[in-house]
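Enquirer: attaching a predicted model along with its sequence, questions to come.
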Amino acid sequence: MIRIRALTVFAVLTSTAVLFAQAPPQPIDLLITGATVITIDSSRRVLTPGAVAIRGADIVAVGAPDALGRDYTPARVIDATGRVVMPGLINTHGHAPMVMYRGLADDLALKDWLQQYIFPAEAKTVAPAFVRAGTELAALEMIRSGTTTYTDMYYFEEEIARATKAAGLRGVLGETIIGFPTPDAKTPADALARTERFIEEFKDDPLITPAVAPHSMYLADKDVLLACRALALKYGKPLLIHLAETEDEVKTAGERFHASPTEYLQQIGLWGPTIVAAHGVWVTDSDIALLAHHHVGVSHNPESNMKLASGTAPVVKYLKAGVALGLGTDGAASNNDLDMFEAMRQTALLQKLITRDPRALPAATVLELATLGGARVIGMERQLGSLEAGKRADLLIVSMNQARQTPLYDAISHIVYVTRGDDVETTIVNGKILMEDKRVLTLDEGKVLSDARRMADEVRMAVKGRD
């Protein structure tokens with residue numbers, strides 16, 4: 001009897017093993033294999049070599065090349081040997097069409113830069129065609145330099161969304177609401193109505209997340225700010241706002257409200273989840289605690305803050321307090337590029353300098369800020385920011401063959417301290433290849449550049465006669 005049972009168990013185990021052995025490989029659309037894969041998953045795995053399997057818009061597996069090659073039958077294989085595969089970069093603050101003002105006015109403080117140059121130029125030039133041309137130029141730059149998701153605040157945001165979607169990028173895009181007439185709205189009420197129409201148009205889009213974007217506490221009054229918050233809550237969409245960017249803003253808040261900008265927005269009931277506060281330079285420890293308590297995401301923009309001499313955000317303090325923190329470029333008019341690799345490097349170096357501690361912000365932490373950290377800021381960490389099964393297939397293939405990248409000992413160190421945006425070879429968003437071997441597939445590059453140069457003539461005329 002014991003012998004019969006043993007034979008039966010053996011037969012069951014054998015047949016099960018045969019079934020598993022005979023299970024056919026699953027079909028997938030794309031297998032990227034042979035690379036050093038920086039996952040930023042829960043174990044922070046770096047696979048050398050590694051592979052990523054993609055089906056449709058999703059990652060289905062990340063692992064060893066042999067295992068994925070056995071388990072999946074790809075419609076296409078990309079051999080990425082000698083390269084790095086990593087999550088796409090997430091730019092948590094910017095103004096895409098402002099690439100058209102790149103270099104228009106430099107070496108100025110924020111207030112003078114805005115009031116003497118940018119606002120007057122915008123009043124004369126911003127229109128739907130201008131915004132679309134600027135967005136296409138920004139999209140071209142972002143695709144080429146590895147940004148796969150970006151956050152935006154500007155005017156005619158529906159045009160930005162359409163251009164972004166056509167280019168294949170992912171965007172969290174906010175219609176700017178401000179306390180004076182703008183190119184697309186005479187009053188804040190008009191801007192709120194436009195924002196609601198914008199949300200309705202894109203509320204279910206797979207690439208575009210519409211947002212509400214009051215400019216700041218100093219350019220939108222209490223009633224407008226609360227109306228913005230109510231609109232964001234009505235649709236369950238993000239709210240984007242500038243916060244504590246300069247000492248002047250802190251002074252204004254103190255004179256008007258006897259509070260810091262962060263405290264004032266707390267007092268009126270603005271703060272809550274799914275809010276992205278850009279800059280956050282001039283904050284106290286209690287301000288940081290408030291932002292952490294309300295789960296507000298903060299976008300750190302080191303290059304813009306340095307160029308405008310606005311100050312340095314307390315990044316290390318934010319991280320210790322548990323604030324969701326990501327990186328941004330700000331607009332190219334105050335940066336003057338959209339290269340998130342440069343934003344990573346400057347973030348790391350600046351924090352080492354101000355803390356006088358070379359260990360203050362390690363390369364791995366900075367890379368996470370530009371990827372998974374950014375995803376947390378915009379409330380999309382379950383979908384974006386790391387290479388894991390079930391997440392969207394937003395990723396990059398990055399060359400490592402330049403003289404400055406040789407030799408290669410540590411891939412993460414090289415990504416943060418050595419690599420530049422023009423080292424990106426292939427950019428993939430939602431499973432779609434936007435650029436392959438440095439050839440952009442979703443935009444007519446010649447036309448984009450031609451349109452931008454033509455629009456630049458309008459900007460020159462608008463500022464003619466200024467120093």
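Expert: Everything's here; your move.
Enquirer: tell me the SS of the closest residue to residue 117 other than its chain neighbours?
Expert: Using Cβ to Cβ, 6 or more residues apart in numbering and skipping residues adjacent in sequence, the residue nearest residue 117 is residue 105, 3.7 Å away. Quick note: C-beta positions are derived from backbone N, CA and C, even for glycine. Following DSSP: H, G, I helix; E, B strand; the rest coil, we place residue 105 in the coil state.
Enquirer: just residue 289 next, same as before
Expert: helix.
Enquirer: does it really touch residue 321, like I thought?
Expert: Yes - look at residue 289 against residue 321 with Cβ atoms under 8 Å: they come within range, at 6.4 Å.
Enquirer: which stretches of the stretch 301-450 of the chain form strands?
Expert: For the stretch 301-450 of the chain, applying DSSP state E, counting those that start in this stretch gives strands covering 325-327, 395-398, 424-429, 432-436, 439-440.
Enquirer: can you show me the CA trace of the longest one as CSV?
Expert: These are the backbone C-alpha positions of strand 424-429, laid out as CSV (Å, rounded to 0.1, in the frame of the first residue of the first chain):
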residue,chain,number,x,y,z
VAL,A,424,20.1,59.0,-24.2
GLU,A,425,19.7,56.8,-27.2
THR,A,426,16.2,55.5,-26.9
THR,A,427,13.1,56.9,-25.1
ILE,A,428,10.0,54.8,-24.5
VAL,A,429,6.8,56.1,-22.9
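Enquirer: helices or strands up against that strand?
Expert: Counting contacts by 3 or more Cβ pairs under 8 Å, 6 or more residues apart in numbering; DSSP states H and E, strand 424-429 packs against helix 128-145, strand 147-154, strand 395-398, strand 432-436.
Enquirer: the shortest one now?
Expert: In terms of contacts (3+ Cβ pairs under 8 Å, 6+ apart), strand 439-440 is packed against helix 128-145.
Enquirer: now the helix it packs on and strand 432-436, what's the angle there?
Expert: 80 degrees (axes from the mean of the first three to the mean of the last three Cα atoms, to 10 degrees).
Enquirer: what is helix 128-145 packed up against?
Expert: Secondary-structure packing of helix 128-145 (3+ Cβ pairs under 8 Å, 6+ apart): helix 157-167, strand 424-429, strand 432-436, strand 439-440, helix 445-462.
Enquirer: take those and lay them out in TSV including mean neighbour count and mean pLDDT.
Expert: Output for the helices and strands packed on helix 128-145, formatted as TSV (neighbours: other Cβ atoms under 10 Å; pLDDT from 0 to 100):
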stretch	mean neighbour count	mean pLDDT
helix 157-167	23	98
strand 424-429	25	98
strand 432-436	19	98
strand 439-440	14	98
helix 445-462	14	92
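Enquirer: quick check: which ranges of the stretch 1-150 of the chain have low pLDDT?
Expert: 1-22 (pLDDT under 70).
Enquirer: all the helices of it, residue numbers only.
Expert: For the stretch 1-150 of the chain, the helices defined by DSSP state H, counting those that start in this stretch cover 2-22, 65-71, 110-112, 119-125, 128-145.
Enquirer: tally of neighbours for the closest residue to residue 284 other than its chain neighbours?
Expert: In space, and not counting its chain neighbours, residue 284 is closest to residue 260: 6.3 Å by Cβ to Cβ, 6+ apart. Residue 260 has 22 neighbouring residues, counting by other Cβ atoms under 10 Å.
Enquirer: kindly report the same for residue 285.
Expert: 10.
Enquirer: so what's it up against?
Expert: Residue 285 makes contact with residue 317 under the criterion Cβ atoms under 8 Å, 6 or more residues apart in numbering.
Enquirer: show the pLDDT at it.
Expert: What the model reports for residue 285 is a pLDDT of 98.
Enquirer: save the helices and strands packed on helix 128-145 as a markdown table, and put in distance to residue 267 too.
Expert: Listed next are those as a markdown table, based on distance: least, Cβ to Cβ, whole Å:
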| stretch | distance to residue 267 |
| --- | --- |
| helix 157-167 | 29 |
| strand 424-429 | 40 |
| strand 432-436 | 44 |
| strand 439-440 | 47 |
| helix 445-462 | 39 |
